[in-house]
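Engineer: sequence isn't available, so here's the structure alone:
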């Protein structure tokens, strides 16, 4: 994921799914963190619900297909 795409992704997570910046910071500090694993890390820590995780994957899929 390019830097610009990561910024858009983080913006989506914070603004559309209302995930707090502090929650994103926790996930971003994970030792195995890569942008591709961020949704799973958020879910593993209980920072997003399964519904939100599904929405995240839908958003990511839409970004790739554009």
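Structural biologist: Arrived safely, thanks for sending. Only a predicted model underlies this, so the values are computations on that prediction, with no experimental measurement involved.
Engineer: got any ranges where the chain has weak pLDDT?
Structural biologist: Scanning the chain with the threshold set as pLDDT under 70 gives 32-33, 65-66.
Engineer: helices of that one, residue ranges please.
Structural biologist: With DSSP state H as the criterion, the chain has helices at 3-15, 21-28, 38-44, 50-65.
Engineer: which of those sits most buried?
Structural biologist: With neighbours taken as mean count of other Cβ atoms under 10 Å, the helices of the chain reach their highest mean count in helix 38-44, at a mean of 18. Using the backbone N, CA and C atoms, a C-beta is placed for each residue, glycine as well.
Engineer: against which helices or strands is that helix packed?
Structural biologist: Counting contacts by 3 or more Cβ pairs under 8 Å, 6 or more residues apart in numbering; DSSP states H and E, helix 38-44 is packed against helix 21-28, helix 50-65.
Engineer: ok, which of those helices comes nearest residue 43?
Structural biologist: Nearest to residue 43, of all those, is helix 50-65, at 4.9 Å by Cβ to Cβ.
Engineer: between helix 3-15 and the closest one, find me the angle.
Structural biologist: Put simply, helix 50-65 runs at 150 degrees to helix 3-15, going by axes from the mean of the first three to the mean of the last three Cα atoms, to 10 degrees.
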